[in-house]
Every structure is written in structure tokens, then in C-alpha cells.
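**Student:** Can you look at this prediction? I've put the sequence above it.
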Protein chains: 2
Amino acid sequence: MTQTAAIIGGGVIGGGWAARFLLNGWDVRVFDLDPDAEAKLAPVLAQARRALPSLTDVALPPEGCLSFHTDLAEAVSGVTWIQESVPERLEIKHKVLAEVQAACPDDAVIGSSTSGFKPSELQDGAARPGQIMVCHPFNPVYLMPLIEVVPSPHTDPALVEKAEAILRSLGHFPLRVRKEIDAHIADRFLEAVWREALWLVKDGVATTEEIDEAIRMGFGIRWAQMGLFDTYRTAGGEAGMRHFMAQFGPALKWPWTRLMDVPEFTDDLVELIAGQSDAQSGHMTIPEMLKARDDNLVAMMRALKANDWGAGAVMNAHEAQLREGTVLGAHADALDDVTQPILTVRRAVPLDWTDYNGHMNEARYLQAFGDASDRFMALIGCDADYIATGGSYFTAETHIRHVDEVHAGTLIEVRTRVLAGADKKLHLFHEMFDGTRLLATGEHFLLHVSLETRRPSEPAPAIVHALARIAQAHAGLPVPEGAGRAVGQRP
Amino acid sequence: MTQTAAIIGGGVIGGGWAARFLLNGWDVRVFDLDPDAEAKLAPVLAQARRALPSLTDVALPPEGCLSFHTDLAEAVSGVTWIQESVPERLEIKHKVLAEVQAACPDDAVIGSSTSGFKPSELQDGAARPGQIMVCHPFNPVYLMPLIEVVPSPHTDPALVEKAEAILRSLGHFPLRVRKEIDAHIADRFLEAVWREALWLVKDGVATTEEIDEAIRMGFGIRWAQMGLFDTYRTAGGEAGMRHFMAQFGPALKWPWTRLMDVPEFTDDLVELIAGQSDAQSGHMTIPEMLKARDDNLVAMMRALKANDWGAGAVMNAHEAQLREGTVLGAHADALDDVTQPILTVRRAVPLDWTDYNGHMNEARYLQAFGDASDRFMALIGCDADYIATGGSYFTAETHIRHVDEVHAGTLIEVRTRVLAGADKKLHLFHEMFDGTRLLATGEHFLLHVSLETRRPSEPAPAIVHALARIAQAHAGLPVPEGAGRAVGQRP
């Protein structure tokens, strides 16, 4: 059943939440009194549609319905989730939360995007404090995994767990903050760095560009995959954290940072920083920068996904949820009908599979076909558990015909038929489609091998049996166009 | 001519420097009085040999010679670069620098890895202060791009430029720090974050693991590609930095961070943090963590490389240097001998091209062959400039025979011959080797197309001519084994 989220406040953060819910199949109601609310949301939604489907190697569910509302009670009526992203002023938040609670279901999650306030401050004077918690996101909300989930002692623990399960179903990483504190966790670090950066610019030690390079050429890359403590743990060598702290702890006594003071926020300082920022990045428009940012985030997160690490492991868990109960899922018993070619891949073409013109690179056709072969293998029982016992299929030969082009973001499907499958041999024919448009065919000859000897070997009887069933059913299909052909050979 | 670097102090940092120079073709002399110096360096070198060749899509030069020394004068005699990485105590650094200057060439770069001292402090009392500068690296030195280059007013500006050119030739990003200051730039931020993290752990607000997640699931990923200011610039929307500062500047007045105080560094605090770190990551050994870290850094930096952004743009610049003057370089006139198959790819199999067993994934064979086709196209004049005029070759068909397996780190070469090349048609046959061991063949049929109409079109006369020359020369070669064959067809 489709669930509904109400997004209160349609700025960059609210818009990011709206996109994240919508693209994960939720209906979304946006409450914003700005008559331009829809126009304001459009670019955020366009960015999200471009980038978010890239994060998983399986298609997202169909988009939900998006509607805009100027009646708050209407917007929150009957919804499962309310996300408050109004300006950071406590009296505004109190007023909005009171109106929300007057009309929303008692068991809905009310999350606040506040970056500074504690949940108990938000709950102050509320009709049902137990329903309110902080769910603090990071920009761009449609891509970043982290949500700081901060309950107060008065928040209903069951509702917090419900909220976290929903966030995980959106591909988020809910980080439960165990003790409420101003600015939660991450923004306390951001503030510390921001203050020191302002001093360095003000004192002429470094420009904004030099500071950005000092971050992204160094610890920024490290922190994208391990945080502070694991980075230092590895720096400590075998002795780990204790050694690191013994070595570097005393350095804390040195008066390096200027953080005891806040630089005065004068017009001169604003101009100095804004001017340096223009010199640094004024050659790019903001939309160009957002596109580059999303391309980079997607590509790096997909790199972590391949390693099943950090943000990438979160994406893999999300993907497993998306596959569940489909023929693309873990269990072969979803495979009822074998009279037709079998759906083995259903996914968007991700941003990092394309060239600078946005067309899918030739090697990625083979990657999709390779994924299709892997999925077919799993369907006949040659899955991770079987492979762990020492047998697998290796590709010996591949013939790809590129029939038509395809762009990033396109939903592609691969359908697979068995041309032959007996003994050690497996001869597959994949067809890749965009809807009914044929994009490419892949003909593949695989051999079952022993992973120990790396030589051909007989597969387990269960695999032989499962494969025979499909091979027999597919034997009745007409031979597909292009099968059995050499490079350059015409029909 | 091979250049020589002297590495003074063979710990993790010195070892990282040694590996970076050595794998970029420099001879390296390590000075370390520890009788276990060689054994101490071995794991760092093994890690670097595993990871560094992955960063570029062209092979690094052959490794230089590594030697170990207990005579400092011998170690620094005649060298181009001296890197000091001894413990962070000024009197030790002064003593070492004096001995170095007594024996090293006057025009050698003397870089110090100090993370805290200013160059003028290092120069105090030196025989030739102008030769000394800070070159502050980041762990792992063999992978991280950033080097903070900090001259004092007494450092010879010409020598600073020489140092930066050398660092760039090693694939580093030298960041010139314009005003010397304690801890340079990056470590001031690290200290600020470290202090706040200690408070959060001490006060029971968050564990080390929760802090690491707050970093790597959020701003860590952002900072790996844009730093602090560009991230905020994009968050400010069209109005950029001025808008962002107007909106968030006042928040600086809120007393979020605890950074005015340093937590007392008691045994209890050390135990608390070390214990939490064990709970977080004690299930992995340090070598396992280092392997995971390097896999992640390589994969993310390669993701940025594909986008030619940040650390990835640094890698592309390094790669262009490595290609220069070879047949793999920008200019086709390197192609003298066309009587034999042409070298089109020479590279290590990078870590992110392999499966969990370390074997190259099937799609990456096609990526290497696609790169070979691209390089061949450039050699006949179908290069980026030509493509910008609206013509290119598209692959229509591919036939790959997987002959043998190959592991990450292996140096592979692709040699390309023309089976046919006239009019719009280009029929190529690639062979991939590890030395003389054949790994795979790729037969490819390409068509010249108009990028506007996406339909076949005639190539420019210069391309027709260049291609005819090679096709004619290759016509005399025997037809390669496997050419013209369909999938499953035996010889």
C-alpha cells in the first residue's frame, strides 16, 4: 500500500525530503504558503531524478504522487510521516508543530529537520510530545545517507524505531543520537571547522580555495570512508588507538586552533569570503556545480558500494530491500514461468556508466550482461552459498551487438534465454531493452569450473536439474536474431 | 636520468614517502638507525605496490633502487630530495638538519614532514636556511594527493617551485601555504574536530563509532569532492556565499562547540576511547583495515578521476605526464613502426576492476579493449579535437574470448591490429597480454558516424589515409587465432 509523507516547508531541505520519499514510491504532500512552491521544488526534483536512481543496481519503485497544499490540516491528514523543515526559529516551529498535531494521526512520525534545537525544546508545550523527534538530514537530502535521529526522553521509543525502519527503506542511514545536545553531532564538527576557516581567511593565512583544497585533497577523502577514530586507529599501527593517543595526545596542549574566539562577523569579512569564493568557483554556475557535486557523490558512493563499505553498505542493504519478493530477489522460487525469456536485470543506467555525452559506455553493456548472467546463475542455484562450496560458471566467450544507444537514467531491462545448457556448458542469449526498444544483444558461453583447480567440472545435480528445466522450456522459442553470428557476419 | 631521494626516518610517514618516490621510478635511500628498518618498511611498501599502480590508467615507470643506510652523509650525498620524517621534537630536527646540510648538495630540496613546526623554526641556526621548507604529507603518503608546502620568508623561492614540480611528477597536489602558521592548514581543522570529538565521547553524547558514522555518512563524503566553502556555496543556491553567510552566519554566536576547553587527557579518557574503538573495529585486524582503506581510497579517487574533478583531476594530470613521449601519449607521430600490432594499452589491473577474489571482472576486459580502440582511433587522428568537429567511431559489435585469468596489480598490455579499415568501417583485433601470456582477444567492428545524425558517415581524408597505411601494413600479418569466429565455434 502506498504511504504518504507530508513535507512542511518546501525549501532546499524540504524539497530534498520530498524527492527522496517520492522517488521511493511514497505519495508526497508539500505544504508551503509560497505561491511559487511548485516552481521552487522543480529543480531539486529534477536533480534528484537525475541522481538518485543511480545509487542502486536495481530499479526504484514507480514514483508516488506529488501534490501541493496551502492548508496544513489537509496536508497532514492521514499521513504516515510529517517532516518539518521551516526556518530555524523556535516560535515558528512551535506554531507549526501545534497545527500539525491538531490534524495529523496520533501514530504518525513527526520529524524536524532542525540543525540546532534539541527535541525537548521542540516538544515544549506540544499536545503529544511523544510524537516529536529530530530527524536531521544533510544536503543533498536525496543522496546523503545520514539522518541524525534524536529523541528526547519523552519521545515514544516505538515511534523512533518505526521512523528508523522507514528511513532505512528510503536508503538512509539513521544515526540514533543517545543524548540530546545543541546541534546534535555532525554540525558541532562543522561549526568547529567553519570557525577556524573564518579565522584563517580573516588573518590572510589561506583563501577559501586553498582551504577547500586542504580538505578535499587530504582528510576529506579519508573521512568519506572511515571517520576520525578509525582513521587514527589505522595510523596507530598494530597498537591501534592507545598508541595513537600516547603519541599525539600531548599535541592537544599546543595552542593551534583559534576556536576559543569567534571572529567578528563584519561586512568586510563577508565580502572577503564571498569575493574569494567567486574567484574560486565563479566560473561555474550553481546548477553546473550541483551537477558536478551529484556526479561526484554518486560515483564515490558507488565505489564504496562495490566494496560494501560505509555509505556503500547502506546502499546495498537498501537494494536488498528493493529486490525482495521479485524475480530479482535472493530466492529462486520466484521463478514460476520459464516459458519466456527471464527478467534478469531491471535498473536505471547510472551516471557513472556513461561518457561525457551521457551515453552508456560500451564496457557497461557487458557489465549489465554480466550481471544478467550472475542473476541467471543464482536462479538455477549457482548463488553465493553454492560458489562458496567451490563451483561456479566462468565466461569463456562473449558476442555483443550494439543495436541502439541509451542515456543515463533510462530504465533498462535484460531478458535472458538459454540457447543450450547441459553438462559443464551454459550458452546464454541476453537482450537489453528500453521498453520495447532493443538496445543490444549479448551471447555468452560459460563453463562450470572448479574454483580450486580452475578447470572445467560438473555442476551439482540440483543445478543440472534446474538448468535442464529452463533449457527445455526455452528450446521451443524461436532462435533470436543475431545468435550464432561472428563479428561482421550479416544475417 | 634516474633521480635519488633520501628519506630520513623510516616510520609510517617516511615509509610512505619512500614508496611514493620508488614506485615513480626514483632511487631511494632510507636513513634509519633502527636495525629493523628494512623489515619496518616492508609492509608499507607492500601496501603501496598493491594500491598506487591502481591510480592511473597507464603503467608507472619501472621501480627505482631501494637502499638502507646508517650513515647520514652517505645517504644524502648527491641526492635531489631529502625528506625529513623524524620525531616531532625541535632539537632532534635541528640536529638532523645540520647533519644533512653538512653532506647534501646545495641545490637539493630539504622537505620536513612536520605537522606542527613552522619552517622558520626548522631553519633556526641552519647553515643554509634557504634550502629548508615544510612538505607536510598525509597518511597514506603513497595514495593521498595533498602535500602542504610551507616556505618561510627565507626559503629560496626557486627551490620551492622545483619542489612543487617534483611533487606533481609524483602525482601529489602541492598546496603552497602563503603564511607560515603552527600546524599549517589541514591539521588545524583536524585538531578542532579531534577536541570536539573527545568532549562528545567524554560526556557520553556519542561513542567513537557513532562519531565516525556521523562523519562518513555525511560531510565526509561531501568534503571528498568539494571542501567547506564550495559545499556551502552550493547550499546557498543561486545567491551563493553571501546568501549562505547571511542565513547561517548568526548561528556562529550560538555556543555549540566546546572548543574553548581541552578535556583533561586522563588514563580514564584514553581507556574510554580505546575501548570504544576496539568495540567499533576490533573485529578487523589493522592489516585488514589498511587493505579496506586503500581499496576505498583507490575506488573513490578513481571515481573522481572519471569525472576529472579534485583529486581525480590531479591523477589525470599525473597520467598525462606519464604518457608523454610514448606511443601511449597525446601525439600520433610517435607511431613509427606499423609493421607489427600496435601497443595501445599498458597499465596495471587496478583494484577496482576485480571481483572479491582479485580476478579482473569480465566487463573490465571490454573496458581495456575499449580503451585500446580509443587509443587506436587517436593514433589515426580520431582524437578529442577531431571528435569535437562532429565525427567519431562507434562500436557496433564485439567478440571477446577469455583465454586466461589475471589478477589486480598485473601489468597488462594490449596490442592491436587492423583486420580491415576502409570507408566507414574499422575492424580491429586486440590481444591482451601479461608478458607473453595471452589473456584475452577482442574482435571489434566499428563504424564512423556523424555525431549529429548518429548515422554512418565518411571519416575525414587524413583519417582515411592514416588508417589505410596501417591496414596495408597489417594485411601482411597472419590472421590471428580466433578471428572471425562465432560464440562456441571451434577452430
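**Tutor:** All right, it came through fine.
**Student:** What are the boundaries of the helices in the stretch 201-350 of chain A?
**Tutor:** A:208-214, A:220-223, A:228-235, A:240-248, A:267-281, A:286-306, A:311-323 (DSSP state H, counting those that start in this stretch).
**Student:** could you redo the ones you listed as CSV and give each row mean neighbour count?
**Tutor:** In this view, the C-beta of every residue, glycine as well, is placed from N, C-alpha and C. Putting the helices of the stretch 201-350 of chain A into CSV (neighbours: other CB atoms under 10 Å in any protein chain shown) gives the following:
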stretch, mean neighbour count
helix A:208-214, 25
helix A:220-223, 28
helix A:228-235, 24
helix A:240-248, 19
helix A:267-281, 17
helix A:286-306, 21
helix A:311-323, 19
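**Student:** mean pLDDT for these: which is lowest?
**Tutor:** When those are compared by mean pLDDT, helix A:240-248 comes last with a mean of 71.
**Student:** and the residue in the stretch 51-200 of chain A that chain B sits nearest to, bridged to which residues?
**Tutor:** Nearest residue of the stretch 51-200 of chain A to chain B, counting by CB to the nearest CB: A:Leu146, 3.7 Å away. Beta-bridge pairing of A:Leu146 under DSSP bridges involves A:Phe173.
**Student:** can you count the residues close to it?
**Tutor:** Look at A:Leu146: counted by other CB atoms under 10 Å in any protein chain shown, it has 25 neighbours.
**Student:** cool, A:Val193 as well?
**Tutor:** Close neighbours of A:Val193, defined as other CB under 10 Å, add up to 24.
**Student:** and what of A:Asp385?
**Tutor:** A:Asp385 has 9 nearby residues by other CB under 10 Å.
**Student:** do the one 3 residues further on as well
**Tutor:** Around A:Ala388 sit 10 other residues, with neighbours defined as other CB under 10 Å.
**Student:** Which pLDDT value belongs to it?
**Tutor:** A:Ala388 is assigned a pLDDT of 93 by the prediction.
**Student:** got it, and the one 10 residues further on?
**Tutor:** Predicted confidence (pLDDT) for A:Thr398: 97.
**Student:** hang on, the earlier thing: can I get the helices of the stretch 201-350 of chain A in CSV including distance to B:Gln123?
**Tutor:** Below are those laid out as CSV (distance: least, CB to CB, whole Å):
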stretch, distance to B:Gln123
helix A:208-214, 23
helix A:220-223, 30
helix A:228-235, 28
helix A:240-248, 25
helix A:267-281, 30
helix A:286-306, 40
helix A:311-323, 44
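**Student:** Looking at those, which is nearest to B:Ala388?
**Tutor:** Among these, the nearest to B:Ala388 by CB to CB is helix A:286-306 (19.4 Å).
**Student:** Secondary structure element holding A:Arg375?
**Tutor:** helix A:362-379 (DSSP states H and E).
**Student:** how about the spatially most central residue of chain A, phi and psi?
**Tutor:** By CA atoms, centre = their mean, chain A has its centre lying nearest to A:Leu55, at 4.4 Å. Dihedral pair for A:Leu55: phi -70, psi -20, per degrees, to the nearest 10.
**Student:** Identify the residue spatially nearest to it, adjacent ones excluded.
**Tutor:** Spatial nearest neighbour of A:Leu55, excluding adjacent residues (CB to CB, 6 or more residues apart in numbering or on different chains): A:Met315 at 5.4 Å.
**Student:** separation between that neighbour and B:Thr395?
**Tutor:** Using CB to CB, to the nearest Å, A:Met315 is found at 30 Å from B:Thr395.
**Student:** Same check on A:Gly236?
**Tutor:** Taken as CB to CB, the span from A:Gly236 to B:Thr395 is 49 Å.
**Student:** and what of A:Arg20?
**Tutor:** Counting by CB to CB - A:Arg20 and B:Thr395 are separated by 37 Å.
**Student:** higher neighbour count, these two?
**Tutor:** Per other CB under 10 Å, whichever of A:Arg20 and B:Thr395 has more neighbours is A:Arg20, with 27 against 22.
**Student:** gap between the more buried one and chain B?
**Tutor:** 15 Å (CB to the nearest CB, to the nearest Å).
**Student:** try A:Ala372
**Tutor:** According to CB to the nearest CB, A:Ala372 stands 12 Å off from chain B.
**Student:** residues touching that residue, list them.
**Tutor:** The neighbourhood of A:Ala372, defined by CB atoms under 8 Å, 6 or more residues apart in numbering or on different chains, consists of A:Thr344, A:Val345, A:Val414, A:Thr416, A:Leu428, A:His430, A:Gly442.
**Student:** Show the model's pLDDT score for it.
**Tutor:** A:Ala372 carries a pLDDT value of 96.
**Student:** Can you report how many residues lie near the nearest residue to A:Ala384 once chain neighbours are set aside?
**Tutor:** Excluding the flanking residues, the one nearest A:Ala384 by CB to CB, 6+ apart is A:Ala378, at 7.9 Å. When neighbours are defined as other CB under 10 Å, A:Ala378 has 20 of them.
**Student:** and stretch A:347-362, does that touch chain B?
**Tutor:** Yes: with CB under 8 Å from any CB of the partner chain as the measure, stretch A:347-362 is seen reaching chain B through A:Asp352, A:Asn361, A:Glu362.
**Student:** Scan the residues you listed and report the most crowded one.
**Tutor:** When neighbours are counted by other CB under 10 Å, A:Glu362 leads the residues of stretch A:347-362 next to chain B with 23 neighbours.
**Student:** Kindly provide the distance from it to A:Phe429.
**Tutor:** Distance from A:Glu362 to A:Phe429, by CB to CB: 19 Å.
**Student:** just A:Ile8 next, same as before
**Tutor:** 52 Å.
**Student:** Compare those two (neighbour count), which wins?
**Tutor:** With other CB under 10 Å as the criterion, A:Ile8 and A:Phe429 differ in neighbour count, and A:Ile8 comes out ahead with 28 against 25.
**Student:** In CSV, could you pull the C-alpha coordinates for the helix holding A:Arg375?
**Tutor:** The C-alpha atoms that make up helix A:362-379 are tabulated as CSV, following Å, rounded to 0.1, in the frame of the first residue of the first chain:
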residue,chain,number,x,y,z
GLU,A,362,30.5,0.1,-24.3
ALA,A,363,32.0,-1.8,-21.3
ARG,A,364,28.9,-1.2,-19.3
TYR,A,365,26.8,-3.2,-21.7
LEU,A,366,28.9,-6.1,-20.8
GLN,A,367,28.6,-5.2,-17.1
ALA,A,368,24.8,-5.4,-17.4
PHE,A,369,25.0,-8.6,-19.3
GLY,A,370,27.5,-10.0,-16.8
ASP,A,371,25.0,-9.0,-14.0
ALA,A,372,22.3,-10.8,-16.0
SER,A,373,24.5,-13.9,-16.2
ASP,A,374,25.1,-13.7,-12.5
ARG,A,375,21.4,-13.4,-11.8
PHE,A,376,20.6,-16.3,-14.1
MET,A,377,23.2,-18.4,-12.3
ALA,A,378,21.6,-17.6,-9.0
LEU,A,379,18.2,-18.5,-10.3
